[in-house]
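> what's the 3D shape of this:
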Amino acid sequence: MSGKLILFLLFGAVFLIEGISRSPMHRDVAAEESCEEDDGEYDSQGRPTRVGASKPKPKRKEADDDWDGVEDPTDEDYLRYENTNQEGVCILERGKCPSGEWRMFKRRNESVCLKIFGTIHKIDDRTAADICRANHNARMMTVDSQEEREWIYTTELGGNTTYHYMYVAGYRSRRCKNAVCTASMDAFEEVDRTADHRFIYSKWEGILNEYYDFEYSNCLAMHVMPHPISLPNFIRDWPCKQAWLNTVLCGVTVM
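This is a model prediction of the structure:
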């Protein structure tokens, strides 16, 4: 009887040991990496260096031109001037002129920065406008005061006796487009939208009504050196398509 009991206990012990050996062992599971946002987890290009880091807010782009530190105009800024002229939007920010020989003048509604550009070869009116656009997206400008006229005479190109006339903004009005017209306040139109045309259109040397390429002289030119500044009248009509001039008055609007 005792032998059977011992045998039974032995068999029970074997089954118990085998059951324990077949059971899955407990393994430690590594904790998942936290995805909470930490500061400084971005590379030099602003990209997150690990999963879970949110993208930093983009910085406003700064202009990489002659006005270091001046931010590029926003869409809102452009909307103010989108109808300035048909050739493009021309604005600056923070009351600042481009570097170089630009000069700021206060006009009727806003301020402008002016500069005279010139070429060795003769140019027509269209090329003159292209030259302005190529320089800070400027446009052709008119002359709005005696102060501006006197400044022109102090510049290298405006006071140069080699260049007697210079392109300025202004085009023959519809009333005079296809007809002989006399000097008057409404013979030509003010086109740069910044000036008071009452100044320049009271300074006619004369409207010559010359006829070239099937049209009258529809553009405007300013008489500069050696024309004495003491003489009050200094503008005349000028052919648009003839490459006869070397200089043009360009300008940008200042906010």
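> wait, Lys122 touches Thr247, no?
No. Assessed by C-beta atoms under 8 Å, Lys122 is found out of contact with Thr247, at 10.4 Å. (Glycine included, C-beta is placed from N, CA and C.)
> who has more neighbours out of these two?
Thr247 (27 against 11; other C-beta atoms under 10 Å).
> the more buried one and Gly118 touch, don't they?
Yes. Applying C-beta under 8 Å, one finds Thr247 in contact with Gly118, separated by 4.2 Å.
> between those two, which contacts overlap?
Taking C-beta atoms under 8 Å, 6 or more residues apart in numbering as the contact rule, the neighbours common to Thr247 and Gly118 are Leu157, Tyr163.
> show me the strands in this protein, by range?
91-92, 103-106, 111-123, 139-140, 165-168, 171-172, 188-189, 204-206, 211-212, 215-216, 219-223, 235-238, 245-254 (DSSP state E).
> who's in contact with Tyr153?
Gly159, Val224, Met225, Ile229.
> excluding chain neighbours, what is closest to the third one?
Using C-beta to C-beta, 6 or more residues apart in numbering and skipping residues adjacent in sequence, the residue nearest Met225 is Thr161, 4.8 Å away.
> is Phe111 bridged to anything, and to what?
For residue 111 the amino acid is Ser, not Phe. When assigned by DSSP bridges, Ser111 has beta-bridge partners Lys106, Val254.
> cool, and the one 4 residues further on?
In this structure, Lys115 has the following beta-bridge partners (DSSP bridges): Cys250.
> how about Asp237?
Asp237 has the following beta-bridge partners by DSSP bridges: Leu220.
> ok, it touching Glu215?
No. Using C-beta under 8 Å, Asp237 is not in contact with Glu215, being 11.1 Å away.
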